[in-house]
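Chemist: Need a 3D model of the sequence below.
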Amino acid sequence: MTTMSNERIEKWIEACEDPAGKAALQELLHLRESERERAKLFESVNAHVMLDIETLGTLPDSAVTAIAAMQFNPYAGDPGYDRALNWNPWCTGIDLFDSLMQGLVIYEETVKFWRKVDPEVRDFQRQVMRNAPPLREALLSFNAFITDVKRTTDMPVVVWSKSPQFDAAILRNAYRAVDLEPAWGFRNDEDVRALYRLGKINELDDVPDMLKRKWRKHAVTSDVCQQAYLVSLAFSRLR
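Modeler: Residues are numbered from 1 along each chain as shown. So this is what the prediction gives:
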């Protein structure tokens, strides 16, 4: 679909001889410029972080085994595969025994699911969890990451996940288990899936093959990169 530019609308206004038609085009141009200004305002007051976690369950009390996050700018448009190939997200594993000691739970169905995952992804997950810090230390480290984004951008942080009812809910429960507060407010949770639907994103078709070969499904650092890529693509389609 070809995007109608403001310049084209301005040319139509100049060429239009019908007063009613000219007025309608002027109103359209005004609305588009207003939307652009609102988008710039939103962009200027928020920093954006993509979040992904791996767990051993799907309920809020599930044990978290890994967290990955990256700062990104969804307003920058389609990031392009060449730039996305060089993304290097923040990541930490979490000591599973310590998580269980803090009251988090392993669910059998999710363990069965992980047994069916690509062996290379399972190996990567084991590497992430090797010598991993205890839960409290890992969450403090993630808070430090969020706080650093706030400090360097001087903006509040919006945290995207797929979806907040999973990643954010499970992570907030983990914070409560060790008497910590997340470094961002629940009102700043954003939903990746909702934006995919609005931007008509197809996860199978909209990721370039070169990135598919690098980003392995269910590898926490791959998932967080793919989500940031597709959210940026959705923003570019919606603008």
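Chemist: and stretch 228-239, how far from the chain's centre?
Modeler: Computed by CA atoms, centre = their mean, to the nearest Å, the chain-centroid distance of stretch 228-239 equals 11 Å.
Chemist: Double-check Val178 against Ala138; I have them as touching.
Modeler: No - applying CB atoms under 8 Å as the test, Val178 and Ala138 come out as separate, 9.4 Å apart. In this view, the C-beta of every residue, glycine as well, is placed from N, C-alpha and C.
Chemist: out of these two, which sits in the more crowded spot?
Modeler: Set side by side, Val178 and Ala138 show more neighbours around Ala138, with 22 against 18, by other CB atoms under 10 Å.
Chemist: Let me know whether that one touches Trp90 as I believe.
Modeler: No - at 11.4 Å, Ala138 does not count as touching Trp90 under the criterion of CB under 8 Å.
Chemist: Secondary structure class of Glu190, three-state.
Modeler: Put simply, Glu190 is strand when judged by DSSP: H, G, I helix; E, B strand; the rest coil.
Chemist: So in terms of bridging, what pairs with it?
Modeler: Trp160 (DSSP bridges).
Chemist: any idea how far it lies from Thr153?
Modeler: 16 Å (CB to CB, to the nearest Å).
Chemist: okay, those two: which has more neighbours?
Modeler: Glu190 (20 against 13).
Chemist: Can you give me the distance of the more buried one to Val220?
Modeler: In terms of CB to CB, Glu190 sits 19 Å off from Val220.
Chemist: Ile106: how many residues sit nearby?
Modeler: The number of residues packed near Ile106 is 15, by other CB under 10 Å.
Chemist: wait, Val158
Modeler: Using other CB under 10 Å, Val158 has 19 neighbouring residues.
Chemist: Helix or strand: which one has the residue nearest in space to the middle of the chain?
Modeler: The centre of the chain sits closest to Met50, judged by CA atoms, centre = their mean, with a distance of 3.1 Å. Secondary-structure assignment from DSSP states H and E places Met50 in strand 47-55.
Chemist: Can you pull the phi/psi pair for Phe113?
Modeler: Dihedral pair for Phe113: phi -60, psi -50, per degrees, to the nearest 10.
Chemist: So it versus Arg122, what's the distance?
Modeler: Phe113 is 11 Å from Arg122, by CB to CB.
Chemist: what does Pro133 give?
Modeler: Distance of Pro133 to Arg122, given as CB to CB: 21 Å.
Chemist: With Ala23 instead?
Modeler: Distance, Ala23 to Arg122, by CB to CB: 63 Å.
Chemist: Quick check on these two: which one has the bigger neighbour count.
Modeler: More neighbours surround Arg122 than the other of Ala23 and Arg122, with 15 against 12 (other CB under 10 Å).
Chemist: returning to what we had before: just after the strand holding Met50, pick out the following helix or strand.
Modeler: Note on strand 47-55: by DSSP H and E, the next helix or strand toward the C-terminus is strand 64-72.
Chemist: and that following strand with strand 47-55, angle?
Modeler: Orientation check (axes from the mean of the first three to the mean of the last three CA atoms, to 10 degrees): strand 64-72 against strand 47-55 gives 160 degrees.
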